[in-house]
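Novice: The sequence isn't on hand, but the structure is:
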């Protein structure tokens, strides 16, 4: 397939299981064909595409002889194991008709919490894109338990978009976007929201899902859009059922787009700052005085021992900790240069080295 230009935009496309299966337990060939057609069109436009897809558990239900999604963890994991290869084979076969290649990446929350694994995942994704191979990403449900699960692939897609510093997040669903009124049972809907901020009112419009093969609903999509837009990544929610799909992530560009668009509400943090703020596993916390809080937030300074009021929990040098004010509000996170026991010995004192260097500290939004 001829590309018009290479890598002008890096777009994460999230595909839900309800799209692929129609709410059933097997992939509907025509549904996948339409999704892949949209992906191929984006590639032809020169966009660099990363796919985050659901559908492994739904694909594996029939293999296990199950008619609906089980509640038992071991059966869910078995369905994921049985269905993941079916899902990838389906994508690979369908993409090959357009001369496109794909590769599988399975992730858990632990892969994002650990800095080296996070970098490895990001580097693998970018390497695949440079080789003109589409990464197909899914949560590793065959081994995941609650402690290491993202919970839904909407959230995973937003996290992936932030990790690779994407230009946009496209969430494909089975309705045209977000409506100001929507009844999930009857399908009755009001006006389609086009370009809107994520307000409490918009969040209240979101609803869950009652489809057995799916997790979440519009509520998780709005939550994912909130994660992405706070990281500087505009997000579009729209239907995959359209014969042709137009997307534009640039606000006020005048370009037509399908669906509901949420524009970025903040400048993107660099990758390390984002990881510290939203992905790293926190091992303890430091309580700082008002002067230190002001210096960190307004002055972009490093955290010094003289500004620390209290050290909580046990942690070692190099761990990530939360930084709180005296009211208990967490306002930053950072990687410490001292263990908790060493910090206790220098609380409120002058030290030769900063407790957390400004380059290893991220202020929360």
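Specialist: Cool, the structure landed. Here the structure is a predicted model, which is why all the values come from computation and not from measurement. Numbering: from 1, shown residues only.
Novice: May I have the distance across stretch 108-123, first residue to last?
Specialist: This stretch, stretch 108-123, spans 16 Å end to end (C-alpha to C-alpha, to the nearest Å).
Novice: in it, what's buried?
Specialist: Within stretch 108-123, the residues that qualify as buried are 108-109, 111-113, 115, 118, 121-122, counting by 16 or more other C-beta atoms under 10 Å. Where C-beta positions appear, they are placed from N, C-alpha and C, glycine not excepted.
Novice: can you redo those as JSON lines with distance to residue 228 and pLDDT?
Specialist: Putting the buried residues of stretch 108-123 into JSON lines (distance: C-beta to C-beta, whole Å; pLDDT from 0 to 100) gives the following:
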{"residue": "108", "distance to residue 228": "20", "pLDDT": "89"}
{"residue": "109", "distance to residue 228": "17", "pLDDT": "89"}
{"residue": "111", "distance to residue 228": "19", "pLDDT": "92"}
{"residue": "112", "distance to residue 228": "15", "pLDDT": "92"}
{"residue": "113", "distance to residue 228": "19", "pLDDT": "92"}
{"residue": "115", "distance to residue 228": "21", "pLDDT": "93"}
{"residue": "118", "distance to residue 228": "17", "pLDDT": "95"}
{"residue": "121", "distance to residue 228": "17", "pLDDT": "96"}
{"residue": "122", "distance to residue 228": "16", "pLDDT": "95"}
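Novice: In TSV, list the residues you listed along with distance to residue 280.
Specialist: Below are those laid out as TSV (distance: C-beta to C-beta, whole Å):
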residue	distance to residue 280
108	15
109	11
111	12
112	9
113	6
115	7
118	9
121	14
122	14
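Novice: how many neighbours does the residue lying closest to residue 225 once chain neighbours are set aside have?
Specialist: Distances taken as C-beta to C-beta, 6 or more residues apart in numbering put residue 235 closest to residue 225, at 4.0 Å, once the chain neighbours are dropped. The tally of other residues near residue 235 (other C-beta atoms under 10 Å) stands at 30.
Novice: same question, residue 191
Specialist: Applying other C-beta under 10 Å, we find 8 residues neighbouring residue 191.
Novice: and residue 306, that's in a strand?
Specialist: No. With DSSP: H, G, I helix; E, B strand; the rest coil as the criterion, residue 306 is assigned helix and is not in a strand.
Novice: Span of stretch 192-205 from start to end?
Specialist: OK, stretch 192-205 end separation, C-alpha to C-alpha: 12 Å.
Novice: Run the chain-centre distance for that stretch.
Specialist: 19 Å (C-alpha atoms, centre = their mean, to the nearest Å).
Novice: Surely residue 240 touches residue 173?
Specialist: Yes. Under the criterion of C-beta atoms under 8 Å, residue 240 makes contact with residue 173 at 7.2 Å.
Novice: Give me the common contacts of these two.
Specialist: residue 19 (C-beta atoms under 8 Å, 6 or more residues apart in numbering).
Novice: separation between residue 248 and residue 23?
Specialist: Remark: distance between residue 248 and residue 23 (C-beta to C-beta, to the nearest Å) = 30 Å.
Novice: make that residue 50, sorry
Specialist: 25 Å.
Novice: out of the two, which sits in the busier spot?
Specialist: Neighbours per residue, other C-beta under 10 Å: of residue 50 and residue 23, the larger number sits with residue 50, 25 against 17.
Novice: Need the per-residue pLDDT for the more buried one.
Specialist: Residue 50 carries a pLDDT score of 98 in this model.
Novice: Figure out how far stretch 33-50 is from the centre of its chain.
Specialist: Distance of stretch 33-50 from its chain centroid, counting by C-alpha atoms, centre = their mean, is 20 Å.
Novice: Same check on stretch 106-115?
Specialist: The chain centre lies 12 Å from the centre of stretch 106-115; the measure is C-alpha atoms, centre = their mean.
Novice: And it, end to end?
Specialist: 17 Å.
Novice: Repeat that for stretch 199-217.
Specialist: Stretch 199-217 end-to-end distance (C-alpha to C-alpha) = 18 Å.
Novice: same deal with stretch 309-324?
Specialist: Start-to-end span of stretch 309-324 (C-alpha to C-alpha) is 10 Å.
Novice: that older thread, can you add secondary structure and distance to residue 192 and give the buried residues of stretch 108-123 back as JSON lines?
Specialist: Listed next are the buried residues of stretch 108-123 as JSON lines, based on DSSP: H, G, I helix; E, B strand; the rest coil; distance: C-beta to C-beta, whole Å:
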{"residue": "108", "secondary structure": "coil", "distance to residue 192": "35"}
{"residue": "109", "secondary structure": "helix", "distance to residue 192": "33"}
{"residue": "111", "secondary structure": "helix", "distance to residue 192": "36"}
{"residue": "112", "secondary structure": "helix", "distance to residue 192": "33"}
{"residue": "113", "secondary structure": "helix", "distance to residue 192": "37"}
{"residue": "115", "secondary structure": "helix", "distance to residue 192": "41"}
{"residue": "118", "secondary structure": "helix", "distance to residue 192": "36"}
{"residue": "121", "secondary structure": "helix", "distance to residue 192": "35"}
{"residue": "122", "secondary structure": "helix", "distance to residue 192": "34"}
